[in-house]
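# One predicted model, sequence on top.
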Amino acid sequence: MMSRYFVLFVLFLYWGFLENGVDSLGVNWGTMAINRLPPKDVVQLLKDNGINKVKLFDADDSTMSALAGTDIEVMVAIPNDQLASMGSYDRAKHWVSRNVTRYNFKGGVNIKYVAVGNEPFLTSYNNSFVNTTFPALQNIQNALNEAGVGDSIKATVPLNADIYGSPTENPVPSAGTFRTDISGQMTQIVQFLSQNKAPFTINIYPFLSLYANEHFPVDYAFFDGVTNPITDNGIQYENVFDANFDTLVSALKALGYGDMTIIVGEVGWPTDGDKNANINYALRFYRGLLPKLAGNKGTPLRPGYIEVYLFGLIDEDAKSIAPGNFERHWGIFRYDGQPKFPMDLSGQQLDKYLVGAQNVQYLPKKWCMLRQDARDLSKLAENINFACTFSDCTALGYGSSCNGLDANGNASYAFNMYFQVQGQRDLSCNFQGLARVTDQNISQPNCNFPIQIVASSSSSSKLSQVVYLAFLTAFVFLSI
Ligand SMILES: *[C@@H]1O[C@H](CO)[C@@H](O)[C@H](O)[C@H]1NC(C)=O
Ligand SMILES: *[C@@H]1O[C@H](CO)[C@@H](O)[C@H](O)[C@H]1NC(C)=O
Ligand SMILES: *[C@@H]1O[C@H](CO)[C@@H](O)[C@H](O)[C@H]1NC(C)=O
Ligand SMILES: *[C@@H]1O[C@H](CO)[C@@H](O)[C@H](O)[C@H]1NC(C)=O
Ligand SMILES: *[C@@H]1O[C@H](CO)[C@@H](O)[C@H](O)[C@H]1NC(C)=O
């Protein structure tokens, strides 16, 4: 009798642990890829890996349809360029009715949050959204309340660490405040979130700390200890994640809202496109982060569970590289939904891979390469430049996986990327006679020459426009 209870008890504990581990984690599902996996396959990928929270960057119909009927909790979003129009309450009501309440039925979409903008106060946006964010937040939450869903669906504003002011004297977490140029807006936002019992959402990027400052202590970006922790009021900070989070806790406390719920909207590590963006560092980062989250360790000022969304789900090869080449390589999955490195979301550090996307449709095993017998190489540079303008060559840059290629390898890489983006059309592997198609895998050690996936039908109309534009431009370009 005793032992049966004991087994049940242990099972119960184990179940609780699994639930916690899996329950705590969400992912960001961005869709800025040249060829997207079909949304229903992405939803299957989430399910196969026990991921039950997802953060989106819009409220696209095809994505929402694929999520309908699942229990996955969803954060839908209003992009920054629509914030100004949400200053009209009627417009905000229309958005809510079309993109939230429309899905609010049994078998619909389990929407939990509306993200109002995406890091709208970044200094690089030159104050473009500084006056439109708060009115949009107010109107959206008020529209949710008026529609009768405000108790279960909360509006929030995902912000980035660059909202913190940095005291030059002693920039410890306990000295955290908001930037003076946005302090008025931040005070209004925080008060409003509190009134509506909505969470504060912060994106935390230890990688960017390292990227932005070559003197940043590398170990502090990870979770396996440092030789010189930062001491703050008797607390020892050993990683920048905790320090960043607690800076926010202090900034909220200074406004009188030290207990406000905080969600980490984005956190992750890119795997290519910079000397610090690689599989080894990503592995090290997640091997520290995931057990910490699963164990509900929290931070020194906020021990316990934190709701966290990893960034991101799948690589996005059409994202702007203004912030850096690494922007296109944040996925825990590659462009084709296959895992890049071992990862155990339950935080038990099991040495296993996530389940990859099933039944992925690839183009045929054909590559485009520089002709060995190409004579006139005078036009090579401009052809490479052209290929890379319409495809993703970020893996060729300094510190990236394909940076070691020789000049011919570079040319072949660029030509192949363009050929794949063009759906392997014969004409797209010519480059003024410099290129030819091959069925030999011309990948190099550590540098994969990928085969594209078949464009999913939901994005095909957009895609065909891109292809048509590229084709027109190619025509103009090559006839100069
Ligand atoms: C709903 O969201 C989609 C996708 O983000 C957007 O294109 C559309 O304009 C929104 N609908 C309304 C009525 O605002
Ligand atoms: C912000 O201003 C800088 C300098 O004036 C300019 O180079 C940049 O393009 C601007 N960015 C945006 C998003 O407007
Ligand atoms: C925002 O509003 C303030 C106060 O009305 C104004 O001074 C400022 O120019 C506005 N900023 C932008 C970018 O519109
Ligand atoms: C290959 O291309 C990359 C990126 O454009 C460049 O940094 C590198 O120097 C090139 N290598 C050779 C050998 O031309
Ligand atoms: C090509 O070769 C690389 C390296 O050996 C390998 O990783 C990749 O899967 C191969 N691609 C295809 C389409 O078989």
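Looks like it arrived, so ask away. Ligands and ions are numbered 1, 2, ... in the order given.
# which stretches of the stretch 351-480 of the chain have low pLDDT?
457-480 (pLDDT under 70).
# those strands in the stretch 301-450 of the chain, which residues are they?
Under the criterion DSSP state E, counting those that start in this stretch, the stretch 301-450 of the chain contains strands at 307-310, 367-370, 435-438.
# Make CSV from those and add distance to ligand 4 to it.
All C-beta atoms are positioned from the backbone trio N, CA, C, and that covers glycine. As requested, those are exported to CSV (distance: least, Cβ to the nearest ligand atom, whole Å):
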stretch, distance to ligand 4
strand 307-310, 29
strand 367-370, 12
strand 435-438, 16
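# So for Lys352, which of those strands sits nearest?
Closest approach to Lys352 among these is made by strand 307-310 (16.8 Å; Cβ to Cβ).
# roughly how far out does the closest one sit from the chain middle?
Put simply, strand 307-310 sits 11 Å off its chain's centre (Cα atoms, centre = their mean, to the nearest Å).
# So for ligand 1, which of the strands of the stretch 301-450 of the chain sits nearest?
strand 307-310 (18.0 Å; Cβ to the nearest ligand atom).
# Export the strands of the stretch 301-450 of the chain as a markdown table, with columns for mean neighbour count and distance to ligand 5.
Converted to a markdown table, the strands of the stretch 301-450 of the chain look like this (neighbours: other Cβ atoms under 10 Å; distance: least, Cβ to the nearest ligand atom, whole Å):
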| stretch | mean neighbour count | distance to ligand 5 |
| --- | --- | --- |
| strand 307-310 | 23 | 24 |
| strand 367-370 | 24 | 9 |
| strand 435-438 | 18 | 12 |
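# For these, give me CSV that also has distance to Gly225.
Output for the strands of the stretch 301-450 of the chain, formatted as CSV (distance: least, Cβ to Cβ, whole Å):
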stretch, distance to Gly225
strand 307-310, 21
strand 367-370, 44
strand 435-438, 49
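# closest one to Leu380 among these?
strand 367-370 (7.9 Å).
# other SSEs contacting the closest one?
Strand 367-370 sits against helix 407-421, strand 435-438, with contacts defined as 3 or more Cβ pairs under 8 Å, 6 or more residues apart in numbering; DSSP states H and E.
# Highest mean neighbour count across those, which stretch is it?
helix 407-421 (a mean of 23; mean count of other Cβ atoms under 10 Å).
# about what we covered before: just tell me which of the strands of the stretch 301-450 of the chain ends up closest to Ala411.
Short answer: strand 367-370, nearest of the strands of the stretch 301-450 of the chain by Cβ to Cβ, at 4.3 Å.
# contact partners of the closest one?
Contacting residues not belonging to strand 367-370 are listed as 380, 408, 411-412, 415-416, 418-420, 424, 428-429, 434-442, 449, 451 [Cβ atoms under 8 Å, 6 or more residues apart in numbering].
# Now for Lys112: which residues touch it?
Lys112 touches 53, 73-75, 152-154, counting by Cβ under 8 Å, 6+ apart.
# in stretch 426-440, what's buried?
Neighbour-count burial for stretch 426-440, counted by 16 or more other Cβ atoms under 10 Å, picks out 428-431, 434-438.
# Which of the residues you listed sits closest to Pro38?
Distances from Pro38 to the buried residues of stretch 426-440, taken by Cβ to Cβ, are shortest for Ser428, at 23.5 Å.
# Can you name the residues of the stretch 1-150 of the chain sitting close to ligand 5?
By Cβ under 6 Å from any ligand atom, no residue of the stretch 1-150 of the chain approaches ligand 5.
# For the stretch 1-150 of the chain, which segments count as helices?
Secondary structure of the stretch 1-150 of the chain (DSSP state H, counting those that start in this stretch): helices located at 2-23, 39-48, 61-67, 89-99, 133-146.
# per-stretch mean pLDDT over those, give me the minimum one.
Note on those: lowest mean pLDDT is at helix 2-23, with a mean of 44.
# Make TSV from the helices and strands packed on strand 367-370 and add distance to Leu159 to it.
Below are those laid out as TSV (distance: least, Cβ to Cβ, whole Å):
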stretch	distance to Leu159
helix 407-421	34
strand 435-438	46
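# Out of the ones you listed, which is closest to Ile204?
That would be, of the helices and strands packed on strand 367-370 and by Cβ to Cβ, helix 407-421, which comes in at 31.7 Å.
# how about that closest one, does it reach ligand 4?
Yes - Helix 407-421 lies within reach of ligand 4 by Cβ under 6 Å from any ligand atom, at 407, 410.
# same for that helix, what does it pack against?
Packing partners of helix 407-421 (3+ Cβ pairs under 8 Å, 6+ apart): strand 367-370, helix 380-389, strand 435-438.
# so what strands line up beside the first one?
Strand 367-370 sits in its sheet next to strand 435-438 (antiparallel), going by DSSP bridges.
# who's in contact with the strand it pairs with?
With contact meaning Cβ under 8 Å, 6+ apart, strand 435-438 is reached by 366-371, 383, 412, 415, 419, 424, 426, 429.
# how about the CA coordinates for that strand, as CSV?
The C-alpha coordinates for strand 435-438 follow below in CSV (Å, rounded to 0.1, in the frame of the first residue of the first chain):
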residue,chain,number,x,y,z
ALA,A,435,27.5,29.9,-63.8
ARG,A,436,26.1,26.5,-64.4
VAL,A,437,23.8,24.0,-62.6
THR,A,438,25.2,20.9,-61.0
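# chain center to it, what's the gap?
Using Cα atoms, centre = their mean, the offset of strand 435-438 from its chain centre is 34 Å.
# ok, now stretch 169-183?
26 Å.
# list the buried ones in that stretch?
Quick answer for stretch 169-183 (16+ other Cβ under 10 Å): 172-179, 182.
# one step back: and the helices and strands packed on helix 407-421 as TSV, adding distance to Pro300?
Listed next are the helices and strands packed on helix 407-421 as TSV, based on distance: least, Cβ to Cβ, whole Å:
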stretch	distance to Pro300
strand 367-370	52
helix 380-389	46
strand 435-438	57
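# No further queries at this time; thank you.
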